[in-house]
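Colleague: A predicted structure for the sequence below; I have some questions about it.
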Amino acid sequence: MSEWVVQVLTVAHVPQIVALVAAGYETRERYVVSKQESEGETAVWLRLEMLPAPVTRHWTPDEAAEVIYRRILRDEMGFGMFADGRLVAIALTEEQPWNRTLWVWEFHVAPDYRGQGIGRQLMSHVAGVARTLGMRTMVCETQNWNVPAIRFYRAVGFALEGIDLSYYTNEDLQPGGDVALFMKRRLE
């Protein structure tokens, strides 16, 4: 069994971070997001749907994302899980002092290491950091297609608290679009 160690990440880790983010995920289901609005009522709901075949989704960070990563790393708010010296999971976080929230901007586990408890251990470490900083809650953003992440976040204490129907584009609700889901874990 590998030895797992959490370390603060530095800007030297940016290429490895980008590779972990770009690894993407595979899903066999997605949440279909619907909205109905009238003068007296607005409702948004999610319905879990099986896909006819597995889908692999990827996103490669661009230069603007790397600038954000570097800022987070300079603030010593990036954490990595290392297995036998290899970076296998990341959590890039940022304090929001005005409302005592710790944003988890990126949380990824290398595909070969998923399902082994590494993500749970890293998230536990991040929650400890958040508590030390006096944060009252943590928030993660994911997408309606990323059912594996939604399940993981729920398993480590997060709950769905927000939906943004145009976070990525003005066509997020169109078939095949990504709808942003915001999940929170209360620390107090």
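Modeller: Done, it's in.

Colleague: C-alpha only now, for contacts and for neighbours.
Modeller: Noted.

Colleague: residue 87 pairs with what?
Modeller: residue 82 (DSSP bridges).

Colleague: now do the contacts for it.
Modeller: 16, 80-81 (C-alpha atoms under 8 Å, 6 or more residues apart in numbering).

Colleague: with residue 79 instead?
Modeller: With contact taken as C-alpha under 8 Å, 6+ apart, residue 79 is in contact with 6-9, 90-92, 122, 126.

Colleague: how far does the lengthiest strand in the chain sit from its chain's centre?
Modeller: Assignment by DSSP state E gives strand 42-57 as the longest strand of the chain. The chain centre lies 18 Å from the centre of strand 42-57; the measure is C-alpha atoms, centre = their mean, to the nearest Å.

Colleague: low-confidence ranges in this protein?
Modeller: 1 (pLDDT under 70).

Colleague: sorry, back to before: so how do I select the buried members of the contacts of residue 79 in ChimeraX?
Modeller: In ChimeraX, a selection of the buried entries from the contacts of residue 79 looks like this (16 or more other C-alpha atoms under 10 Å):
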select :6,9,90,91,92,122,126
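
Colleague: with secondary structure and distance to residue 174 as added columns, please give the contacts of residue 79 in JSON lines.
Modeller: Output for the contacts of residue 79, formatted as JSON lines (DSSP: H, G, I helix; E, B strand; the rest coil; distance: C-alpha to C-alpha, whole Å):
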{"residue": "6", "secondary structure": "strand", "distance to residue 174": "40"}
{"residue": "7", "secondary structure": "strand", "distance to residue 174": "40"}
{"residue": "8", "secondary structure": "strand", "distance to residue 174": "39"}
{"residue": "9", "secondary structure": "coil", "distance to residue 174": "37"}
{"residue": "90", "secondary structure": "strand", "distance to residue 174": "31"}
{"residue": "91", "secondary structure": "strand", "distance to residue 174": "30"}
{"residue": "92", "secondary structure": "strand", "distance to residue 174": "30"}
{"residue": "122", "secondary structure": "helix", "distance to residue 174": "34"}
{"residue": "126", "secondary structure": "helix", "distance to residue 174": "34"}
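
Colleague: CSV for the contacts of residue 79, including distance to residue 25?
Modeller: Converted to CSV, the contacts of residue 79 look like this (distance: C-alpha to C-alpha, whole Å):
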residue, distance to residue 25
6, 23
7, 24
8, 24
9, 23
90, 15
91, 16
92, 18
122, 18
126, 22
